[in-house]
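# need a structure here:
(one chain, ligands or ions: 1)
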Amino acid sequence: MAIKRSEFPENFIFGTATSAYQIEGAVNEDGREPSIWDVFSHTPGKIQNNENGDVACDHYHRYNEDVQIMKEIGFNGYRFSISWPRVLFSNQKKNQKGLDFYNKLVDTLLENNITPFITLYHWDLPYYLYEKGGWLNPDIALYFQDYAALMFEILGDRVKHWITLNEPWCSSYLGYFMGKHAPGHTNIQETIIAAHNLLRAHGYAVKIFREIVKDGIIGITNVVSKIEPAKESEENFQAAILVDEIVNGWFHDPIIFGKFPENAKGLFKQLGLEIPETDMDIISQPIDFFGVNYYTRQLVEYDPTSPYLYKNVEGILPKTEMGWEIYPEGLYDMLRKIHRRYGLPLYITENGMAGPDKLQNDIINDDYRVKYLEKHFEKALEAIEDGIDLRGYFVWSLLDNFEWEKGYSKRFGIVYVDYKTQKRYLKKSAVWLKEFLRK
Ligand SMILES: N=[N+]=NCCCCNC(=O)[C@@H]1[C@H]2[C@H](O)[C@@H](O)[C@H](O)[C@@H](CO)[C@@H]12
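Take a look at the predicted model:
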C-alpha cells in the first residue's frame, strides 16, 4: 500500500533544502566577498573537472522562479542557508544589498505559505576570517555571534526556525582532517580544535538568539550515519561504538550533556591530542530541536594497525551515485537513537540521493529516486507512529547543484538543472512528490 501524506500529522513540515554556495552563484555581485569555498574551488585540482560555484544554479537571480517551483510541488517548508560573506563586509559593516536578497527571498516564501528554515552556516566561511585562523581561532565564536545577531535582527520578525550550523562533522573532519573540503587541511589536532570552536560558535549564537527572537526555535543540524560492525565480533562492536562517538556523539553529547563522549575522548588522549573543553556551559545552552541529515550507514571493522583502531568496509547493498548504500532502516534506527538519548524534537533536515539523471525529451525518469524517497518516508512515518517526536522532513535537494568536491557531476535535485541554459525541469520524483503532497 503506497504511503500517503494524510498518514503524517496535519502540521508536519514537508520541505526541501539547499545551501547558499551550492545554488546562489553571483559570487562577485553586490559586494559579496570571497568565502573559503570560493578560494578552495578556484584552487586547481581540488574540485572534479575544476568546477566552482561562481554561477551554480544562478539562484541569486532566479529565486522567485525557484520558489514558484516549490509552491507548484506543494512544499510547506524550505531550508536554505545565508551566505555570511554576502551580508557582512570584512570591516564588519553590513552589506545591505546582500541582506535585501534574503529579505526578498523570505517575503516571497511567506507570500507562498512556505515556512523558511534558515541555516546560518553551511560551510562558506568568509575568507578574511580564515586568514585570521578561521575555526582554529577561538575568537571565531564571537565573529559568528555578531553575524548571527545581525541575521536574527534583520529576519527574526518573519523567520522563526533557525539552525546554527550544518554538519560540524563535515566542516571539521572533511575540512581539517581529510582535506577534501575547504580549507583543505589534513591535521587531526586542528580537526578537534575546529570541532570545539564550531560547537562554541553554536552556543554563542543560541545565547544571543534567546535575547533577540523570543518567539522562535533554534537547533543544530548534524549528519548522522548508522554505524554498524561489518562482521559480528566483540572487537567490531567496540569499533562501531567508538566510531559512533567520533562521528555522531562528538557533535551531540556536548550540546546536551556538556561533555565529549568518553571512549572517543580516551582514544584521542591516547594519541597525545589536546581536547579543548572551554565554554562547555555555553555549548550546552538548551536548544529546541536537532536537525538530522541522514544518507546511509557506515560499516566498520576493528583495525589494530590504524591509529584510530578501525577501518571502513565497503557494503554490499545497492548504492547511489555517491557510492553510499541505500539503507532506509538506518534512518529509523538513528531517529530512535537520537530521540531516546537526547529527548529533543527532530527534523530530518536532509535526506535524498544522487542519481544517474538523464534529460531525454524534457523528461528525467528518476524512478530510483521515487523509490528512495518512498522507502525513507515510510521509515519516517514508522518513527512517528512509534512515538518519536519527528516534526518535518526536507528533501535534499530542490535543485541539482554544486556538490562540493564532486562539482556538478552528482545530481541530487528533484528538479534537473541544465547548467548551460539554467533551465529547470521537474524530474519524475518532483511530479511524484506533487501527487504525494496532495493526498
Ligand atoms: N559514507 N558516507 N557518507 C555519509 C556522510 C555524508 C557526508 N556528507 C553530507 O552529509 C552532505 C550534506 C551537506 O549538507 C550537503 O551540502 C551535501 O550536498 C549533501 C550531499 O553530499 C550532504
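# Can you tell me which helices and strands the one helix or strand residue 39 maps to packs against?
For residue 39, the enclosing helix or strand under DSSP states H and E is helix 36-41. In this structure, helix 36-41 packs against helix 127-130, with contacts taken as 3 or more Cβ pairs under 8 Å, 6 or more residues apart in numbering; DSSP states H and E. No exception for glycine: its C-beta is placed from N, CA and C like everyone else's.
# How many residues are close by residue 271?
By other Cβ atoms under 10 Å, 11 other residues sit near residue 271.
# ok, how many other residues are close to the residue nearest to it when sequence neighbours are not counted?
Excluding the flanking residues, the one nearest residue 271 by Cβ to Cβ, 6 or more residues apart in numbering is residue 307, at 5.9 Å. Residue 307: 9 surrounding residues under other Cβ under 10 Å.
# just to revisit the earlier point, output the helix holding residue 39 in PDB with nothing but the alpha carbons.
Extracted C-alpha coordinates of helix 36-41, given in PDB (Å, rounded to 0.1, in the frame of the first residue of the first chain):
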ATOM      1  CA  ILE A  36      36.800  29.700   1.800                       C
ATOM      2  CA  TRP A  37      34.900  27.700  -0.800                       C
ATOM      3  CA  ASP A  38      35.500  30.400  -3.500                       C
ATOM      4  CA  VAL A  39      39.200  30.100  -2.800                       C
ATOM      5  CA  PHE A  40      39.200  26.300  -2.500                       C
ATOM      6  CA  SER A  41      37.100  25.700  -5.700                       C
END
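# now it, how far from the chain's geometric center?
18 Å (Cα atoms, centre = their mean, to the nearest Å).
# hmm, who's touching it?
Outside helix 36-41, the residues within contact range by Cβ atoms under 8 Å, 6 or more residues apart in numbering are 21, 27, 46-47, 51-53, 123-127, 130, 134, 175, 181-184, 402.
# hey, which helix is longest across the protein?
Taking DSSP state H as the criterion, the chain has its longest helix at helix 188-212.
# Can you give me the buried ones in it?
Buried residues in helix 188-212, defined by neighbour count with 16 or more other Cβ atoms under 10 Å: 188-206, 208-209.
# do the same with stretch 54-74
55-60, 62-63, 66-67, 69-71, 73.
# mind putting those residues in CSV, distance to the ligand included?
Shown next, in CSV, are the buried residues of stretch 54-74 (distance: Cβ to the nearest ligand atom, whole Å):
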residue, distance to the ligand
55, 17
56, 12
57, 13
58, 18
59, 14
60, 17
62, 19
63, 18
66, 16
67, 20
69, 19
70, 18
71, 23
73, 19
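# In TSV, list the residues you listed along with secondary structure, distance to residue 427 and pLDDT.
What follows is those, written out as TSV (DSSP: H, G, I helix; E, B strand; the rest coil; distance: Cβ to Cβ, whole Å; pLDDT from 0 to 100):
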residue	secondary structure	distance to residue 427	pLDDT
55	coil	21	99
56	coil	18	99
57	coil	15	99
58	coil	19	99
59	helix	18	99
60	helix	23	99
62	helix	18	99
63	helix	20	99
66	helix	15	99
67	helix	18	99
69	helix	11	98
70	helix	14	98
71	helix	17	98
73	helix	11	98
